[in-house]
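> Using only what follows, build the 3D model:
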Amino acid sequence: MQRPEPTGRERQFAENQIIVSKTDLKGRITYVNDIFCQVGLYEEEEVLGQPHSIVRHPEMPRAVFHLLWQRIRDGEEIFAYVKNLAKNGDHYWVLAHVTPSRDLQGNVDGFHSNRRVPGRAALSVIEPLYRSICDEEDRHADRKQGMQAGIAMIESALQARGLDYDRFVLGLAVQA
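Next up is the predicted model:
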């Protein structure tokens with residue numbers, strides 16, 4: 001499935017709505033709720049079995065996804081602000097809470113994500129930060145080096161604020 005070109009238009013969803021999806025260990029979608037389909041403009045059949053990156057907006061820093069995957073593969077939960085891409089190229093922002101799913105023996109067998117409407121105050125901090133991280137990542141011809149530079153920017157921004165990642169993200173959520 002080909003990813004659409006971004007339109008620059010933002011889609012909205014209600015504060016009482018929660019976008020839900022589940023993936024297998026490789027990030028292939030195994031479940032989506034109706035809100036996922038409504039906001040992303042997809043039919044359920046179109047996304048089941050597809051990589052979750054189908055909704056990844058090109059203006060999302062690779063470093064943020066690296067951090068996200070590192071945490072959930074280590075069996076930890078993470079909150080993250082994410083700019084997603086709808087089927088028609090529109091975008092929508094979410095505050096994602098991603099957790100590992102476990103089988104009866106306690107082994108991670110997939111991932112579960114609940115996504116809510118983020119506060120505008122939080123996005124006023126996140127959007128310029130993400131833009132600068134993407135710019136830094138794009139300055140490097142080697143994608144891996146670019147991602148490492150993006151990770152360094154995140155670490156530097158956190159250090160300047162005297163916060164770890166979780167306190168930073170959740171602090172923005174509380175302000176909103």
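
> so the residue lying closest to residue 61 once chain neighbours are set aside, which of the three states?
Distances taken as C-beta to C-beta, 6 or more residues apart in numbering put residue 133 closest to residue 61, at 4.0 Å, once the chain neighbours are dropped. For glycine as for every other residue, the C-beta is placed from the backbone atoms N, C-alpha and C. Secondary structure, DSSP: H, G, I helix; E, B strand; the rest coil: residue 133 is helix.

> What about residue 133, how many residues nearby?
24 (other C-beta atoms under 10 Å).

> unless I'm mixing things up, it is touching residue 148, no?
No - counting by C-beta atoms under 8 Å, residue 133 stays clear of residue 148, with 11.7 Å between them.

> what are the ranges of the helices in the chain?
For the chain, the helices defined by DSSP state H occupy 34-40, 44-47, 62-73, 120-138, 143-161, 165-175.

> quick one: which of those is nearest residue 90?
Distance to residue 90, taken as C-beta to C-beta, is lowest for helix 34-40 among the helices of the chain, at 9.2 Å.

> Dump that closest one to PDB, restricted to CA.
Extracted C-alpha coordinates of helix 34-40, given in PDB (Å, rounded to 0.1, in the frame of the first residue of the first chain):
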ATOM      1  CA  ASP A  34     -13.700   1.900  14.800                       C
ATOM      2  CA  ILE A  35     -12.100   5.300  15.900                       C
ATOM      3  CA  PHE A  36      -8.800   4.200  14.300                       C
ATOM      4  CA  CYS A  37     -10.600   3.600  11.100                       C
ATOM      5  CA  GLN A  38     -12.700   6.800  11.300                       C
ATOM      6  CA  VAL A  39      -9.800   9.200  12.100                       C
ATOM      7  CA  GLY A  40      -7.400   7.500   9.700                       C
END
